[in-house]
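1. Sequence plus the predicted model coming up.
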Amino acid sequence: MNTTTFWLSNKTEEWEKNAHPAPRRQYVITLKGNIKFKVSDGSTFIIKPGTILLAEGS
C-alpha cells in the first residue's frame with residue numbers, strides 16, 4: 001500500500017474530541033485502549049485494539 005503520511009499518537013488531541021469529517025481516505029488502527037466513534041448519521045460504535053477502520057474523506 002502506498003502512503004504519503006503516517007501519524008502516530010498515544011493521546012487524544014483536543015480536535016479529536018469534536019465532530020469532524022475525515023480530511024482524506026485514512027486508516028485508523030487501534031493498538032491499545034478503546035475509541036468511541038460517532039459517524040455522520042449519528043450512530044456510534046467502539047473500536048477495540050486490533051481493529052482497523054477505513055475512514056473515507058469527504
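-> Looks like it arrived, so ask away.

2. Name the nearest residue to the residue nearest the centre of the chain, sequence neighbours excluded.
-> In the chain, the C-alpha nearest the mean C-alpha coordinate belongs to Val28, at 4.3 Å (Cα atoms, centre = their mean). With Cβ to Cβ, 6 or more residues apart in numbering as the criterion, Val28 has its nearest non-adjacent residue at 4.2 Å, and that residue is Leu53. In short, each C-beta sits where N, CA and C put it, glycine included.

3. Wasn't that neighbour part of a strand?
-> Yes. Leu53 sits within a strand when classified using DSSP: H, G, I helix; E, B strand; the rest coil.

4. For it, give its distance to Phe6.
-> 16 Å (Cβ to Cβ, to the nearest Å).

5. which one of these two has more residues nearby?
-> Using other Cβ atoms under 10 Å, the more surrounded residue of Leu53 and Phe6 is Leu53, with 14 against 6.

6. Surely the more buried one is in contact with Phe45?
-> No. At 9.2 Å, Leu53 and Phe45 do not qualify as touching, with contact defined as Cβ atoms under 8 Å.

7. residues shared between the contacts of these two?
-> Contact criterion Cβ atoms under 8 Å, 6 or more residues apart in numbering; residues shared by Leu53 and Phe45: Phe37.

8. how about stretch 30-49 as CSV, C-alpha atoms only?
-> Taking C-alpha atoms only, stretch 30-49 is exported to CSV below (Å, rounded to 0.1, in the frame of the first residue of the first chain):
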residue,chain,number,x,y,z
THR,A,30,-6.1,1.0,17.4
LEU,A,31,-3.3,-0.6,19.2
LYS,A,32,-4.3,0.0,22.9
GLY,A,33,-7.5,1.1,24.6
ASN,A,34,-10.9,1.8,23.1
ILE,A,35,-12.1,4.6,20.8
LYS,A,36,-15.7,5.7,20.6
PHE,A,37,-16.6,6.9,17.1
LYS,A,38,-19.7,8.9,16.1
VAL,A,39,-20.4,8.9,12.4
SER,A,40,-22.4,11.4,10.2
ASP,A,41,-25.7,9.6,10.6
GLY,A,42,-25.4,9.9,14.4
SER,A,43,-24.7,6.3,15.1
THR,A,44,-21.7,5.4,17.4
PHE,A,45,-19.5,2.4,17.8
ILE,A,46,-16.5,1.3,19.8
ILE,A,47,-13.2,0.4,18.1
LYS,A,48,-11.0,-2.0,20.2
PRO,A,49,-7.4,-3.0,19.9
